[in-house]
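> Kindly return the folded structure for what I paste below:
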Amino acid sequence: MAILQQPVVGGNVFADVIGDDLAPAGTYVATVIDIVDEFGVQRTKFQSTEVETVDLTTFLFGFRDAQGFEHRVASRRMKISGNEKATLFGFLKSLLGRAPQFGWDYVSLKGAKCLLTVEHIQRRDGTGVFAGIAALSPVPQGMGTAPQVPVTTQPFDGAQGKPGARPSAVPMARPAPAARPSAPSVAPANADDPIPF
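Take a look at the predicted model:
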């Protein structure tokens, strides 16, 4: 008699979101755009044929490359464990720059920025490569933000839009005056952009 059993799951929970996009290798300022927890997942134990039931979590990051194109890359599925030797613990430690505190809900990291290094990893079946996370770290202070350049206009002189209008009637961008060093302000996100990364 054959018994139909639930399949042992594998793969990337964000495969539909990422699609066929291969994120470029390199280091980028990225945003944690989603975190998915899965409970009661059956999987094969490491280097074994034995099946175990575990709770897993996966992080999805988004970033823009130098040309402004959006890319997404997902972490590996990690067992939800607070053990200092656990993959998730090391992952969060790299992301935060310090050890995570017990009792803290890591889902609060949605929207957080980090420095993300993407690498291309050869698939086990030899059918190409996929984008994986090689390294994570907090964003150094002041990095990944664009300083605001104030835009000022000269008063309307009545000649705007007429032939021979003076160039002074056109809004002009002026550099910010040199002042004491301060942290740059963050440029406002485009309201039409569903994912501000």
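> Residue ranges in the chain under the pLDDT threshold?
For the chain, the stretches with pLDDT under 70 are 1-11, 144-197.
> can I get the CA coordinates of the longest strand along the chain in PDB?
Looking across the chain with DSSP state E, the single longest strand is strand 26-44. These are the backbone C-alpha positions of strand 26-44, laid out as PDB (Å, rounded to 0.1, in the frame of the first residue of the first chain):
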ATOM      1  CA  GLY A  26      28.600  43.700  -5.200                       C
ATOM      2  CA  THR A  27      28.000  45.700  -2.000                       C
ATOM      3  CA  TYR A  28      24.900  47.900  -1.700                       C
ATOM      4  CA  VAL A  29      22.800  49.800   0.800                       C
ATOM      5  CA  ALA A  30      19.700  47.600   1.100                       C
ATOM      6  CA  THR A  31      16.400  47.600   2.900                       C
ATOM      7  CA  VAL A  32      14.800  44.700   4.700                       C
ATOM      8  CA  ILE A  33      11.500  44.700   2.800                       C
ATOM      9  CA  ASP A  34       9.900  41.500   4.200                       C
ATOM     10  CA  ILE A  35      10.400  38.700   6.800                       C
ATOM     11  CA  VAL A  36       8.500  35.400   6.600                       C
ATOM     12  CA  ASP A  37       8.300  33.000   9.400                       C
ATOM     13  CA  GLU A  38       7.100  29.400   8.800                       C
ATOM     14  CA  PHE A  39       6.100  27.100  11.600                       C
ATOM     15  CA  GLY A  40       6.000  23.300  11.700                       C
ATOM     16  CA  VAL A  41       8.000  22.900   8.500                       C
ATOM     17  CA  GLN A  42       9.300  19.400   7.800                       C
ATOM     18  CA  ARG A  43      12.800  19.200   6.400                       C
ATOM     19  CA  THR A  44      15.600  16.700   6.100                       C
END
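> in that strand, what counts as buried?
Using 16 or more other Cβ atoms under 10 Å as the test for burial, strand 26-44 gives 28-35, 41. From N, CA and C alone the C-beta is placed, and that goes for glycine too.
> Just name the closest of the residues you listed to T117, please.
Nearest to T117 among these, counting by Cβ to Cβ, is Y28 at 8.0 Å.
> re earlier: what are the pairing partners of the longest strand of the chain, and which direction each?
The strands beside strand 26-44 in its sheet (DSSP bridges) come out as strand 51-64 (antiparallel), strand 113-122 (antiparallel).
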